[in-house]
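Trainee: Model the following, please.
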Amino acid sequence: MANVISDETIEYVGILAKLDLDQEEKEQAKKDMGEMLDYIDKLNELDTEGVEPMSHVFPVNNVFREDVVTNEDGHEATLANAPEKRENSFVVPKTV
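Mentor: Presented below is the predicted three-dimensional model:
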């Protein structure tokens with residue numbers, strides 16, 4: 001294990017994460033963090049020269065579509081159920 005996490009680092013991470021760890025949990029967290037950093041170091045050994053970065057797993061051309069009106073909004077049918085209406089709006093009691 002090339003990456004050794006200090007007690008101060010674990011204390012600081014615990015404060016940032018608002019965790020109250022006992023000594024056994026701190027030791028386990030140090031071990032886990034060291035293993036994660038070792039794995040990241042291993043990934044950094046990969047030759048990524050010429051590999052184009054990707055922003056999405058699947059090819060995405062255009063996620064937006066044109067807005068097409070397929071039917072009316074139904075405001076007349078909605079207003080037909082209103083107990084009281086004025087022009088094209090519901091009339092509601094004033095609230096303060």
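Trainee: Can you show me the strands along the protein?
Mentor: Assigned strands in the chain, in chain order: 85-86, 89-90 (criterion: DSSP state E).
Trainee: so where's this protein uncertain?
Mentor: When residues are selected by pLDDT under 70, those of the chain lie in 1.
Trainee: returning to what we had before: for the strands of the chain, which one sits closest to Gly34?
Mentor: Between Gly34 and the strands of the chain, the shortest gap by C-beta to C-beta is with strand 89-90, which sits at 63.0 Å. Using the backbone N, CA and C atoms, a C-beta is placed for each residue, glycine as well.
Trainee: got the contact list for that closest one?
Mentor: With contact meaning C-beta atoms under 8 Å, 6 or more residues apart in numbering, strand 89-90 is reached by Leu79, Ala82, Glu84.
Trainee: Let's see that with 10 Å instead.
Mentor: Applying C-beta atoms under 10 Å, 6 or more residues apart in numbering, the contact partners of strand 89-90 are His75, Thr78, Leu79, Asn81, Ala82, Pro83, Glu84.
Trainee: Fine by me, we can end here.
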